[in-house]
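Undergrad: Okay, here's the prediction I keep looking at, along with the sequence it came from:
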Amino acid sequence: MIDAALGNIIEVSVVDLEKKDGVGKAKLKIPGGTQYGARFLIKGKGMPKLHGRGQGNVIVQILIKIPERLSREQRELLEKF
């Protein structure tokens, strides 16, 4: 929730054909004010193309989890915000 509101750089799992297990990491910049359901594209880091060269793209969808329980201090800080 905080990363979406303020912006941040996160790591996302992607396909990496050079690694033994095929899983790598890519950095994704989340701009401040990102809303639930927003989608971002990481080019060339998806599954290999079946009848061609290169790799497909990865689409990252933002699903923000809101805390169910807040401490008194957390609640007061959110109310001040």
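TA: It's in.

Undergrad: What does the pLDDT read for the residue nearest to residue 23 when sequence neighbours are not counted?
TA: Leaving aside its sequence neighbours, residue 23 sits nearest to residue 13 (CB to CB, 6 or more residues apart in numbering; 5.8 Å). The C-beta positions use only the backbone N, C-alpha and C, and glycine is treated the same way. Note on residue 13: pLDDT of 94.

Undergrad: so what does the one helix or strand residue 9 maps to touch, helix or strand wise?
TA: In the assignment (DSSP states H and E), residue 9 maps to strand 8-15. Under the contact definition 3 or more CB pairs under 8 Å, 6 or more residues apart in numbering; DSSP states H and E, strand 8-15 sits against strand 23-30, strand 58-61.

Undergrad: if you set the cut-off to 7 Å instead, what comes out?
TA: On a contact count with 3 or more CB pairs under 7 Å, 6 or more residues apart in numbering; DSSP states H and E, strand 8-15 meets strand 23-30.

Undergrad: Tell me the strands beside the following helix or strand past the strand it packs on, with direction?
TA: Remark: after strand 23-30, the chain's next helix or strand is strand 39-42, criterion DSSP H and E. Strand pairing for strand 39-42, determined by DSSP bridges: strand 58-61 (antiparallel).

Undergrad: Okay, buried residues for the strand it pairs with please.
TA: Within strand 58-61, the residues scored as buried using 16 or more other CB atoms under 10 Å are 58, 60.

Undergrad: thinking again about what came up before, send me the strand holding residue 9 as PDB with only the CA atoms.
TA: Only the C-alpha atoms of strand 8-15 are listed here, as PDB (Å, rounded to 0.1, in the frame of the first residue of the first chain):
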ATOM      1  CA  ASN A   8       9.200   2.500  -5.200                       C
ATOM      2  CA  ILE A   9      11.400   0.100  -7.200                       C
ATOM      3  CA  ILE A  10      10.400  -3.500  -6.700                       C
ATOM      4  CA  GLU A  11      11.900  -6.800  -7.900                       C
ATOM      5  CA  VAL A  12       9.700  -9.100 -10.000                       C
ATOM      6  CA  SER A  13      10.300 -12.700 -10.900                       C
ATOM      7  CA  VAL A  14      10.800 -13.200 -14.700                       C
ATOM      8  CA  VAL A  15      12.000 -15.800 -17.100                       C
END
